[in-house]
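> Build me a structure from this.
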Amino acid sequence: MKKQIKTLSLIALSIITFNSCSDDDDNNNIEIPVDTQSTRLYTSNNADGNITYYDVTNLSNVSATTLVTASVAADGIYYDASTDAAIQASRSGLALEGFTDISDVATGTTVTSDITGTADMVSPREVAVNGNFYVVADNADVDGDDTTADGRLYIYERSNGTFTLRNTITTDFKLWGITFNGNDLFAVVDTTNQLAVYTDFLSNTTDATVSATKTIAVEGIVRTHGLTYDVSSNTMVLTDIGSAGDATDGGFHVISDFLTKFNNTADGDTLALTSQVRVAGASTVLGNPVDVAYDAETETVFIAEAANGTILAFNNIGTGGDIAPVLNNGLASASAVYLSKD
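Reported below is the predicted structural model:
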């Protein structure tokens, strides 16, 4: 109640003040606050393990800030705005590492992890987040037999500055990219053109081997790696690295109205290329696009391009084809990207 009375008093005072100054020549120069939004792209890499984030609010005026970490190689990246924290999967430390209060840190500063976890993983790749749960895809061979396809999903819970391993899910296919849609986890079936989904994934609370709820093939892709799903526009973007040893044959696919198309494709069937937009060709500079982020508001696709060591952006996609990126920033062994808008 006191807060309400105080507010009413301030409003009354504002009215009195405004009326008493009504003859002032500066009345027409009242400054009205403008709500501005910034867009940042957080990245990790396997060259030095540092975190670099780019201000991509204006693609014609991009700035970069690099945070020096103790890792020498890293992959999956995530940004938590509530604690101003960047979290990445350290491939050298084999653990999740998080760095809070990073926005005011000058570029080139060495930062120390203040959200720590245990070194449980073997070959961590992508990170997907649902609330306080952080899931990491690990593409290391599980059973020691290279002729059988398998992988692991490590499920960590974040609490009080610590990542605690809750349980591990073994998959019956090799892993790379993962992303959540609500409680459902979509996963790339590495070395193939397939996409799988685990419905209500986090309900798997014990160590177990779990098969995907549904798996489909995506026509036009040779070998998919990265993926991202935007809920607001119902858009899925998948990357295609083609031949892993070729630095020129990569691409990406944009699938609008994704859930309808995915749900209408039966388990084991193929989503037709005619239902997608493919971007590929020499002008794209895509050779080994390992991860992707999507800005639905500007319809911009951001790519971590590993083979050519660069961060790329495309916002002139149209009907696809061989189109040049609107942003091409060098980042050796780029491995992951995550987009944040505030």
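> Could you give the number of residues near Asn139?
Residue crowding around Asn139 was assessed by other Cβ atoms under 10 Å; the count is 20. For every residue, glycine as well, the C-beta is placed using N, CA and C.
> So in that sheet, which strands flank the strand or helix carrying Val197, and in what orientation?
Under DSSP states H and E, the secondary-structure element containing Val197 is strand 194-198. Strand pairing for strand 194-198, determined by DSSP bridges: strand 184-189 (antiparallel), strand 214-218 (antiparallel).
> Name all residues that make contact with Ser256.
Shown in contact with Ser256 (Cβ atoms under 8 Å, 6 or more residues apart in numbering): 233-235, 277.
> average pLDDT for the strand holding Val197?
For strand 194-198, the per-residue pLDDT values average out at 98.
> ok, now stretch 142-157?
Computed over stretch 142-157, the average pLDDT equals 96.
> Going by neighbour count, list what's buried in that stretch.
Counting neighbours by 16 or more other Cβ atoms under 10 Å, one finds that the buried residues in stretch 142-157 are 142, 149-157.
> in the sheet, who's paired with Pro340?
Not Pro; residue 340 is Ser. In this entry, Ser340 is beta-bridged to Arg40, by DSSP bridges.
> ok, it touching Gln37?
No. With the criterion set as Cβ atoms under 8 Å, Ser340 and Gln37 do not qualify as a contacting pair; they are 10.7 Å apart.
> that older thread, quick one: the strands paired with strand 194-198 as JSON lines, columns for mean pLDDT, distance to Asp101 and mean neighbour count too.
Listed next are these as JSON lines, based on pLDDT from 0 to 100; distance: least, Cβ to Cβ, whole Å; neighbours: other Cβ atoms under 10 Å:
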{"stretch": "strand 184-189", "mean pLDDT": "98", "distance to Asp101": "30", "mean neighbour count": "24"}
{"stretch": "strand 214-218", "mean pLDDT": "98", "distance to Asp101": "40", "mean neighbour count": "20"}
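> Just put those in TSV and tack on distance to Thr199.
Conversion of the strands paired with strand 194-198 to TSV gives the following (distance: least, Cβ to Cβ, whole Å):
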stretch	distance to Thr199
strand 184-189	5
strand 214-218	8
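> Could you point out which of the ones you listed sits nearest Tyr42?
strand 184-189 (20.1 Å; Cβ to Cβ).
> And Asn264, how far from Ile255?
When distance is defined by Cβ to Cβ, to the nearest Å, Asn264 is 12 Å away from Ile255.
> who touches Ile311 in this structure?
Taking Cβ under 8 Å, 6+ apart as the criterion, Ile311 is in contact with 41, 43, 54, 302-305, 327-331, 334, 337.
> what about the chain, any weak spots by pLDDT?
Where the chain drops to pLDDT under 70, the residues are 1-36.
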